[in-house]
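> A predicted structure for the sequence below; I have some questions about it.
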Amino acid sequence: MKLIGSTASPFVRKVRVVMAEKKLDYDLELENVWTAETKIHLSNPLGKVPCLIMEDGSPMYDSRVIVEYLDTLTPVCKLLPPNGRDRSDVKVWEALADGVLDAAVLVRLEKTLRPEAQQSAAWIERQMGKVHAGLAVMSANLGESPFCKGNHYTLADVALGCALGWIAFRFPEIDWRGAYPNLAKLFDKLSERPSFKDTVPF
């Protein structure tokens with residue numbers, strides 16, 4: 001398999017972490033979708049990464065679709081419950097973490113791709129409101145549990161760790177560690193895993 005992506009993308013990191021946890025072999029093809037030379041559209045018409053090229057050459061895109069597929073390939077480190085409410089709970093965690101990232105990415109794009117005079121303060125405030133609201137709910141839902149879903153490491157933790165890692169990388173001014181020490185505690189624990197150590201964004 002080949003994974004097309006960027007080392008800075010939190011969504012690509014989520015796939016890479018899952019690949020590592022599942023002990024799956026793949027080649028990483030670096031792609032900057034924001035350059036004029038990008039060829040991502042040849043694999044993903046939406047122009048986004050990650051994009052997984054499977055053994056038969058067909059592409060799979062959207063990190064949530066990719067990681068769900070990867071979890072079926074081997075019983076090593078099962079990250080998703082087989083069905084029912086437990087599975088839905090993990091997927092809701094993933095949706096929350098990804099939603100926080102979606103909002104934060106929009107703020108970064110607004111600030112980096114638009115001239116300052118054209119930036120919308122109201123738009124930035126609206127998106128940052130989603131980021132802060134999402135962090136608050138993450139903290140409340142985690143409580144004192146060792147992992148997002150009880151006592152077991154799941155895809156929810158992968159998604160949470162990638163979201164927090166990217167916010168720390170791109171928005172160091174957000175003091176989520178001080179505001180939510182339980183998130184910081186879990187993030188520090190996740191950061192000790194080889195899968196997270198080997199995929200730190202840069």
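Received, thanks.

> doesn't residue 173 fall inside a strand?
No: secondary structure of residue 173, determined by DSSP: H, G, I helix; E, B strand; the rest coil: coil, with no strand assignment.

> distance of it relative to residue 128?
When C-beta to C-beta, to the nearest Å is applied, the distance between residue 173 and residue 128 equals 11 Å. No exception for glycine: its C-beta is placed from N, CA and C like everyone else's.

> what is the burial count for residue 57?
Using other C-beta atoms under 10 Å, residue 57 has 8 neighbouring residues.

> which residues of the protein fall in strands?
All strands of the chain, identified by DSSP state E, fall at 2-5, 27-30, 51-53, 59-61.

> can you list those in CSV and add mean pLDDT?
Output for those, formatted as CSV (pLDDT from 0 to 100):
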stretch, mean pLDDT
strand 2-5, 98
strand 27-30, 97
strand 51-53, 98
strand 59-61, 98
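
> please identify the deepest-packed of these.
Ranked by mean neighbour count, the strands of the chain are led by strand 51-53 with a mean of 23 (mean count of other C-beta atoms under 10 Å).

> what helices or strands is that one leaning on?
Under the contact definition 3 or more C-beta pairs under 8 Å, 6 or more residues apart in numbering; DSSP states H and E, strand 51-53 sits against strand 2-5, strand 59-61.

> switch to 10 Å and redo it
Under the contact criterion of 3 or more C-beta pairs under 10 Å, 6 or more residues apart in numbering; DSSP states H and E, strand 51-53 touches strand 2-5, helix 10-22, strand 27-30, strand 59-61, helix 63-70.

> which outside residues touch that strand?
If you take C-beta atoms under 10 Å, 6 or more residues apart in numbering as the criterion, strand 51-53 is touched by 1-5, 12, 15, 19, 26-27, 29, 31, 33, 40, 42-44, 58-63, 65-67, 69-70.

> could you chop this protein up by domain?
Listed domain ranges for the chain are 2-70, 84-193 (source: automatic domain parsing).

> okay, these in TSV with distance to residue 77 next?
TSV is the format used below for the domains of the chain (distance: least, C-beta to C-beta, whole Å):
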stretch	distance to residue 77
domain 2-70	4
domain 84-193	8
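
> which one of these lies nearest to residue 200?
Closest to residue 200 of the domains of the chain, according to C-beta to C-beta: domain 84-193, at 7.1 Å.

> so what pLDDT did the residue at the greatest distance from the centre of the chain get?
The outermost residue of the chain, judged against the average C-alpha position, is residue 117 (30.6 Å), by C-alpha atoms, centre = their mean. According to the prediction, residue 117 has pLDDT 94.

> for the protein, what's the longest helix?
The helix that spans the most residues within the chain, counting by DSSP state H, is helix 84-113.

> elements contacting it?
helix 10-22, helix 63-70, helix 121-142, helix 155-170.

> give the buried residues for the shortest one.
It refers to helix 63-70. Within helix 63-70, the residues that qualify as buried are 63, 64, 66, 67, 68, 70, counting by 16 or more other C-beta atoms under 10 Å.

> so what touches that helix?
Where contact means C-beta under 10 Å, 6+ apart, the residues beyond helix 63-70 that reach it are 1, 3, 5, 9-15, 17-19, 21-22, 24, 26, 48-52, 54, 60, 62, 79-80, 87, 91, 94-95, 98, 101, 155, 158-159, 162.
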